[in-house]
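below is the sequence, then the predicted model.
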Amino acid sequence: MKIDRNKRGTVVVLAPHGSLDINTRKVFQDKLIEVLDVGETAILVDLSHVDFMTSTGLSAMLYAAKRVEQIAGKFAICSINNDIQSVFKISGFDSILDIYPNVDEALENLQ
């Protein structure tokens, strides 16, 4: 799994590509830990390049949110396609995670 990383103001934007599932969860979590280990506290996960997500991918999002919460940071997700948005709604994750329609709107709320 490729994960783009860039910094927009005080927010690190992680943009995974492809599927977020049992085969790619560790790659995603390792990248998140790498970002947190250098002291970053505001993370946005841009899912615009993720075309498929399983329950394992959902648990990776929850893991990320909890890790950021432990350091009193900010965490959000944006740019979810309709299929993945349905997975978030069915699981109830849409009510426990901050989800925005696009990067710009998410950044306004995270900075």
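Cool, got the structure.

secondary structure element for the residue nearest to the spatial centre of the chain?
Geometric centre of the chain, nearest residue: V45, 3.0 Å, by Cα atoms, centre = their mean. According to DSSP states H and E, V45 maps onto strand 42-46.

in that strand, what counts as buried?
Neighbour-count burial for strand 42-46 flags A42, I43, L44, V45, D46 (criterion: 16 or more other Cβ atoms under 10 Å). Any C-beta I mention is one placed from the backbone N, CA and C, and that applies to glycine too.

between those, which sits nearest Y100?
Of all these, Y100 sits closest to L44, with 8.3 Å by Cβ to Cβ.

check contacts around that closest one.
Counting by Cβ atoms under 8 Å, 6 or more residues apart in numbering, L44 touches 8, 11-14, 75-78, 103, 106-107, 110.

re earlier: the residue nearest to the centre of the chain against M61, yeah?
Yes - judged on Cβ atoms under 8 Å, V45 makes contact with M61 at a distance of 7.0 Å.

what is in contact with the two at once?
Shared contacts of V45 and M61 (Cβ under 8 Å, 6+ apart): I77.

now the longest helix anywhere in the chain: buried residues?
In the chain, with assignment by DSSP state H, the single longest helix is helix 55-70. For helix 55-70, a neighbour-count test (16+ other Cβ under 10 Å) marks G57, L58, S59, A60, M61, A64, A65, R67, V68 as buried.
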